[in-house]
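Chemist: The following block contains a protein sequence and its predicted model.
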Amino acid sequence: MEENYSANGDCFKAAVEILFNLDDSWTLVHAMVDGQKHLKGWRYSHAFVLNVDTRMVMDTSNGKKDSPLVMPAALYFAIGGIDPHSKGFKAYTKMEATERMLEAGHYGAWAIDGDLSMWEETTPETDKSPI
């Protein structure tokens, strides 16, 4: 499976890997987020898992596999500037994620109805994709 990195991270692969080790109350999420720390001012696509029953987020990207970041979805969304009602937010069940990975040949982010524009990343300097 081809790896598709966003802002030089491993979030898409990490989120898929943890998803398949969790029960079916967890979904894979691809969302546009506001960058933090050295990525402040950037907006980019990111992946994490969301428990639809407890409304908790787990993020295992960038070395957090053994010690994942876990917090309430409302807090995670507020910190990351994530709007779950926007075009730049998509949740997938395990079955849907499997189908999309097989179709695309990578971990994400995937086109929605043939459109990739919602995943366009921006930097503060150029307002264009950093990759």
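Modeler: Thanks, I have the structure now.
Chemist: Pull the contacting residues for the spatially most central residue of the chain.
Modeler: The central residue of the chain, meaning the one whose C-alpha is nearest the mean C-alpha position (Cα atoms, centre = their mean), is residue 47 at 1.4 Å. Applying Cβ atoms under 8 Å, 6 or more residues apart in numbering, one finds that residue 47 lies in contact with 6, 11-12, 14-16, 28-31, 61, 107-109. In short, each C-beta sits where N, CA and C put it, glycine included.
Chemist: again, 6 Å this time
Modeler: Residues in contact with residue 47 (Cβ atoms under 6 Å, 6 or more residues apart in numbering) are 11, 12, 15, 30, 108.
Chemist: Please apply the same query to residue 73.
Modeler: For residue 73, the set of contacting residues under the criterion of Cβ under 6 Å, 6+ apart consists of 50, 55, 57.
Chemist: from the residues you listed, which single one is nearest residue 74?
Modeler: Using Cβ to Cβ, residue 55 is the member of these that sits closest to residue 74, with 7.2 Å.
Chemist: related to what we said a few turns ago, the contacts of residue 47 in helices, which ones?
Modeler: Judged by DSSP state H, helices contain the following of these: 11, 12, 15.
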